[in-house]
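> Predicted model, plus sequence, below.
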Amino acid sequence: MRTPVLVAVALAFVGAGCTTTARLYPVSGPILSQHATSLNTTLTNAPAGHGKIELALPDGELVKGEYSTKAGGSWSFDSQASSSTPPEGAVVIAASDWATVFGPSFSVAKMERGEGKAAGNKGTVFTLEFAVNGMSGRGYGVAKDSKGNLYRFELAGLESGTGPSPPPVPPEQPPRRSPR
C-alpha cells in the first residue's frame with residue numbers, strides 16, 4: 001500500500017506577520033517514485049508581498065529561500081531562458097512548464113506576479129513562479145527544482161474560498177492524488 005507523504009513545512013520568520021497556506025503537487029520527475037502527493041507549505045508576511053520560504057522534501061532535505069510579488073508587472077514567459085544563458089545550476093521555469101502543468105490556455109490576466117528562489121542543505125535549487133490575486137491572496141503557479149521535478153503550486157489565500165481558482169489540470173495530466 002502506498003502511503004502518501006504529506007510534508008509539513010515550517011517557515012523561518014522574524015517579526016509579526018500574516019501566514020497563508022500553500023501546497024506543491026508533484027506533476028513530473030523523480031519525486032513521483034517517492035509517492036509524494038503534496039508538499040505543504042506556509043508563506044509568511046504574505047500581505048507585504050515578500051517573505052521567507054522553508055520546506056522539507058520527502059528525503060529530509062531542508063529548502064530555504066524568499067519570495068516576492070509585484071503588482072502590475074508584465075508576464076514575459078521564457079524571459080530568463082531567451083535573454084541569456086542562465087548561470088550554471090540555475091533552474092528556469094519556461095512557458096512550456098506552465099503549459100505542462102495547466103494546459104496551453106492558462107491565464108494570468110489581472111493577477112500579480114510572484115517569484116521565489118530557494119536552496120536546500122543537500123544542494124537542491126528551487127524556483128517558483130506564480131500568479132496571485134492581490135485582494136484575496138489566492139493564487140497558483142509552477143515550481144521546479146534542480147532534480148528535474150515539476151510541481152503545481154496552489155496558494156490558499158488569506159481567506160479560504162476567496163479569489164480565483166487555479167486553472168484545471170489538463171486532461172492529459174494524471175489526476176492529483178489526494179492525501180489519505
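Yep, that arrived.
> Now do the contacts for Arg23.
Counting by Cβ atoms under 8 Å, 6 or more residues apart in numbering, Arg23 makes contact with 38-41, 153-154, 156. (Each C-beta comes from the backbone N, C-alpha and C, glycine too.)
> do that again at 7 Å, thanks
Residues in contact with Arg23 (Cβ atoms under 7 Å, 6 or more residues apart in numbering) are 38-41, 154.
> Okay, and the beta partners of it?
Listed by DSSP bridges, the beta-bridge partners for Arg23 are Asn40, Glu154.
> And it, how close does it get to Leu55?
Distance, Arg23 to Leu55, using Cβ to Cβ, to the nearest Å: 10 Å.
> okay, and the common contacts of these two?
Among the neighbours of Arg23, those also in contact with Leu55 (Cβ under 7 Å, 6+ apart) are 39, 41.
> Now do the SS call for Ala131.
At Ala131 the chain is in strand, as set by DSSP: H, G, I helix; E, B strand; the rest coil.
> what about the residue lying closest to it once chain neighbours are set aside, how many neighbours?
Nearest residue to Ala131, sequence neighbours excluded (Cβ to Cβ, 6 or more residues apart in numbering): Met111, at 3.7 Å. Using other Cβ atoms under 10 Å, Met111 has 22 neighbouring residues.
> can you pull the contacts of Met111?
Applying Cβ under 7 Å, 6+ apart, the residues near Met111 are 131-133, 139.
> Now render those as a markdown table, adding pLDDT.
Converted to a markdown table, these look like this (pLDDT from 0 to 100):
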| residue | pLDDT |
| --- | --- |
| Ala131 | 91 |
| Val132 | 88 |
| Asn133 | 85 |
| Gly139 | 89 |
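> Trp98: what secondary structure?
Applying three-state DSSP: Trp98 is helix.
> so how far is Gly49 from it?
Look at Trp98 and Gly49: by Cβ to Cβ, they are 21 Å apart.
> Then Ile93?
With the distance defined as Cβ to Cβ, Ile93 ends up 19 Å from Gly49.
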